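*Asks:* missing the sequence, but the structure's below:
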């Protein structure tokens, strides 16, 4: 009889984000006959919790964002561990990792702990003070965990350089659901019609939440350069807060003379319908680890122009174009190169991109690598 091992995932919160979405995809793809799972959010449940609970996986919350909640949270934490009795703890993100690493010191659990680091360290100045403290504290606790899982080589090197235990490092990239992200001619036609893209138009897309590191300004400056040369090019920026006045992007669009050429949309739950509408997907960031949005675009057969950050070069391979970060002229030239190739050649690159995702980053294969890691850690503990 196969013994099912219990894994508890500890994560900062369950709002919409790359790590939270990856956790959901992973839980859906893992073998329930080998591992059973539970999820613990340090803050509240958030919108992603409902998706996880639909999988039949229990989700708990500690509500640590509330004042005077720490003592109550510790009591609840003990109760949850007593109920679940996990065989292994998987931390997610800096606060989730740190909390998981401290369980032994809090006399809550002595089970093996694996950290999951999803971020690059491009600027501590952009981090919130508590996140900065958690990153630094992680240096001390990193030697006591069973493994440190990274989703990019770039992030591994960065964290090792500031003192995270390099001997505990393991790299497993993000995985992608090719059943959800795929070419879709009907969605392409519907979205392009709704966005009023000309019949002969080229639609270049940036799908990213509003954050300085995503460098939306770089994208818009490149857009202003190519817009002066090609009247049929349109630009779509989609993501959390990009359409809000507070982001400043509306003002930049107008200042660059791009009114009517740039479409700003907020966060969308049906993002898989927008990728097929693009002719080119782009990344303008100056800091990334392993960007989900590029893998999703590739899965939809969309060729990409990306900045040379994180593991972007490893991800796109020969199926797209890589340009320097913070260089709108280079980004614009990358777009022009793909436009000049023509539709047939872009289609060929798009098919090669999807094939690359299928062969290297398909979610069931990535889930299998997580399961192998869990098994190795538990065997070592035994």
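*Replies:* Alright, I've got the coordinates. The structure presented is a predicted model; accordingly, all values stated were derived computationally and were not measured.

*Asks:* Tell me where this protein is predicted with low confidence.
*Replies:* 1-3, 66-69, 107, 123-126, 382 (pLDDT under 70).

*Asks:* So which residues of it form helices?
*Replies:* Residue ranges of the helices in the chain, as given by DSSP state H, are 18-29, 47-53, 70-84, 93-101, 129-141, 153-161, 185-194, 216-227, 249-255, 292-299, 312-316, 328-360, 363-381.

*Asks:* Can you say which of those helices is packed in most?
*Replies:* helix 292-299 (a mean of 26; mean count of other C-beta atoms under 10 Å). Using the backbone N, CA and C atoms, a C-beta is placed for each residue, glycine as well.

*Asks:* For it, name the packing helices and strands.
*Replies:* Applying 3 or more C-beta pairs under 8 Å, 6 or more residues apart in numbering; DSSP states H and E, we find helix 292-299 packed against helix 18-29, strand 202-207, strand 280-282, strand 304-307, helix 312-316, helix 328-360.

*Asks:* Among the ones you listed, which comes closest to residue 366?
*Replies:* helix 18-29 (7.3 Å; C-beta to C-beta).

*Asks:* angle of the closest one against helix 292-299?
*Replies:* 50 degrees (axes from the mean of the first three to the mean of the last three C-alpha atoms, to 10 degrees).

*Asks:* And helix 18-29, what does it pack against?
*Replies:* By 3+ C-beta pairs under 8 Å, 6+ apart, helix 18-29 packs against strand 5-11, strand 35-41, helix 47-53, helix 292-299, helix 363-381.

*Asks:* by how many degrees do that helix and helix 93-101 diverge?
*Replies:* 60 degrees.

*Asks:* re earlier: what's the closest of the helices and strands packed on helix 18-29 to residue 96?
*Replies:* Nearest of these (C-beta to C-beta): strand 5-11, 4.4 Å.

*Asks:* Show me what counts as buried in the closest one.
*Replies:* 5, 7-11 (16 or more other C-beta atoms under 10 Å).

*Asks:* For it, which strands pair with it and how are they oriented?
*Replies:* Take DSSP bridges as the rule and strand 5-11 pairs in its sheet with strand 35-41 (parallel), strand 88-92 (parallel).

*Asks:* got the contact list for it?
*Replies:* Strand 5-11 is contacted from outside by 19-20, 23, 27, 34-42, 81, 84-93, 96-97, 99-100, 374, 378, using C-beta atoms under 8 Å, 6 or more residues apart in numbering.

*Asks:* let's see it at 6 Å
*Replies:* Contacts of strand 5-11 with the rest of the structure, by C-beta atoms under 6 Å, 6 or more residues apart in numbering, involve 35-41, 84, 86-92, 96, 99-100.

*Asks:* How far does that strand sit from its chain's centre?
*Replies:* In terms of C-alpha atoms, centre = their mean, to the nearest Å, the centre of strand 5-11 is set 20 Å apart from its chain centre.

*Asks:* Straight-line length of stretch 34-46, end to end?
*Replies:* Criterion C-alpha to C-alpha, to the nearest Å; first-to-last residue distance in stretch 34-46 is 27 Å.

*Asks:* what does stretch 169-187 give?
*Replies:* 41 Å.

*Asks:* tell me which residues of that stretch are tucked away?
*Replies:* Judged by neighbour count (16+ other C-beta under 10 Å), stretch 169-187 contains these buried residues: 169-178, 181, 183-184, 187.
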